[in-house]
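[1] Need coordinates for the following:
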Amino acid sequence: MKIYLAVAASAALLAGCGSGDPLATDAAGGDEKGTITVGSADFPESALIAEIYAGALEAKGVEVKKNLNIGSREAYVPALQDGSIDLIPEYTGALLHYFDEDATATDSESVYKALTAAAPKDLSVLTMSSAEDKDVVAVTKATADKYSLKSIGDLADVADELTLGGPPEWKTRRQGVKGLADVYGVEFGTFRALDAGGPLTVQALKNGQVDAADLFTTDPSIQENGFVMLEDPESLFPAENVVPLIAEAKADDKVSQALDAVSAELDTETLATLVAQVIVDKKDAEDVATAFLSEQGLA
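    Numbering: from 1, shown residues only. This next block holds a predicted model:
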């Protein structure tokens, strides 16, 4: 589904301590026996799901630490592998392409199967949920009407006059600038680095600072602002089911069962509602997570 630090820099920071740095952790880090350190990417939905995972584990008596808002997977996957964190919510399609750039699977089941095969042996992909949140190229209604845009391919003849906004890594990712050109022949005149589908991106699209932007399908800002999500008939963006990614050494039965129980109760509609509570209603993510777990009998 995601600013982001260079992997070398993040690895150095993850090894140290720092009270205000999301990349810093206690000296014991994720290696402390019996403790699960839960991380997240640096956008609200990821942090919310991480809070849900943390609460579900605590309800089963697992000792939990949290290290949220780390950054993109280019930073947090190495953190999982060096033991700085143990667990993070992920998205099947994007994670598959991180591990295998040449992957061709697009539907939920095929993507999940390919992901479990592509994941390194020191990481475990647990049961995916039916909840899905995909990247989408969005434009304002005015832009869609002006250029008669319905699908991404419709941008091909006009994109060189337009500015695309997205997270920095979109400039080089297959599910980003490269794929837009390779799959749809869409090459924007300018790319503007913003946040991962967050308030900077939404504001830039609203204000006309960018003409098209990478947003997430569960984002309530799309409906609130009347943005148009362009269709993706060539499946540049594959299925993106929410899934726990955990260090293999920490995936014992108690932990796996607690996380699988969350996945069983999390669907797309529910996820969108929870995200709206955080983004629109400005509720604390931990409080939203606690209420969800209680309602589902998981707390």
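
[2] which helices and strands sit right next to the host helix or strand of Ala289?
    Ala289 is part of helix 285-295, with elements assigned from DSSP states H and E. Packing partners of helix 285-295 (3 or more CB pairs under 8 Å, 6 or more residues apart in numbering; DSSP states H and E): helix 44-59, helix 268-279. For the C-beta atoms, the positions are set from N, CA and C on the backbone; glycine is no exception.

[3] Flag every buried residue along the last one.
    Neighbour-count burial for helix 268-279, counted by 16 or more other CB atoms under 10 Å, picks out Thr268, Thr270, Leu271, Ala272, Leu274, Val275, Ala276, Gln277, Val278, Ile279.

[4] so Ile36, which of the three states?
    strand (DSSP: H, G, I helix; E, B strand; the rest coil).

[5] Next one: it relative to Ile85, how far apart?
    9 Å (CB to CB, to the nearest Å).

[6] How about Ala212?
    33 Å.

[7] got it, and Val280?
    Distance, Val280 to Ile85, using CB to CB: 29 Å.

[8] Neighbour count for those two, which is higher?
    Comparing Val280 with Ile85 by other CB atoms under 10 Å, the one with more neighbours is Ile85, at 31 against 11.

[9] element containing the more buried one, please.
    Using DSSP H and E, no helix or strand contains Ile85.

[10] Give me the phi and psi for it.
    phi -130, psi 170 (degrees, to the nearest 10).

[11] is it true that it touches Asn67?
    Yes - if you go by CB atoms under 8 Å, Ile85 and Asn67 touch, sitting 5.4 Å apart.

[12] strand partners of the lengthiest strand in the chain, parallel vs antiparallel please.
    Secondary structure assigned by DSSP state E gives strand 63-71 as the longest strand of the chain. The pairing partners recorded for strand 63-71 under DSSP bridges are strand 35-41 (parallel).

[13] How about residues contacting the strand it pairs with?
    2, 25, 28-30, 46-47, 49-50, 53-54, 57, 62-73, 76, 79-80, 84-89, 196, 250, 255 (CB atoms under 8 Å, 6 or more residues apart in numbering).

[14] Which members of the residues you listed are classed as buried?
    Buried, going by 16+ other CB under 10 Å: 2, 25, 29-30, 46-47, 49-50, 53-54, 57, 62, 64-73, 76, 79-80, 84-89, 196, 250, 255, out of those.

[15] before we move on, back to that, tell me the angle the longest strand of the chain makes with helix 285-295.
    130 degrees (axes from the mean of the first three to the mean of the last three CA atoms, to 10 degrees).

[16] before we move on, back to that, with the buried residues of helix 268-279 in mind, which one is nearest to Leu164?
    Ile279 (22.5 Å; CB to CB).

[17] Now do the same contact list for the closest one.
    Contacts of Ile279 (CB under 8 Å, 6+ apart): Pro44, Asp219, Pro220, Ser221.

[18] Okay, and which of those map to helices?
    Cross-referencing these against helices under DSSP state H gives Pro44, Pro220, Ser221.

[19] Identify the residue nearest Glu161 in space, chain neighbours excluded?
    Gly189 (5.8 Å; CB to CB, 6 or more residues apart in numbering).

[20] Surely the one you found touches Val177?
    No - look at Gly189 against Val177 with CB under 8 Å: they stay out of range, at 11.8 Å.

[21] Who has more neighbours out of these two?
    Using other CB under 10 Å as the criterion, Gly189 and Val177 rank with Val177 on top: 20 against 12.

[22] Does that one touch Pro167 like I think?
    No - using CB under 8 Å, Val177 makes no contact with Pro167, being 11.1 Å away.

[23] joint contacts of those two?
    Between them, Val177 and Pro167 share no contacting residue, judged by CB under 8 Å, 6+ apart.

[24] Could you measure from the residue nearest to Thr270 when sequence neighbours are not counted over to Glu169?
    Spatially, and ignoring its direct neighbours in sequence, Thr270 is nearest to Ala131 (6.9 Å; CB to CB, 6+ apart). Distance, Ala131 to Glu169, using CB to CB: 23 Å.

[25] of the two, who's got more company?
    Ala131 (25 against 19).

[26] quick one: contacts for the more buried one?
    Ala131 touches Asn241, Val242, Leu266, Asp267, Thr268, Thr270, Leu271, counting by CB under 8 Å, 6+ apart.

[27] For it, give its distance to Glu63.
    Ala131 is 26 Å from Glu63, by CB to CB.

[28] What of Leu180?
    Distance from Leu180 to Glu63, by CB to CB: 44 Å.

[29] and Val64, what are its bridge partners?
    Ile36.

[30] Mind pulling the model confidence for it?
    On the pLDDT scale, Val64 is placed at 98.
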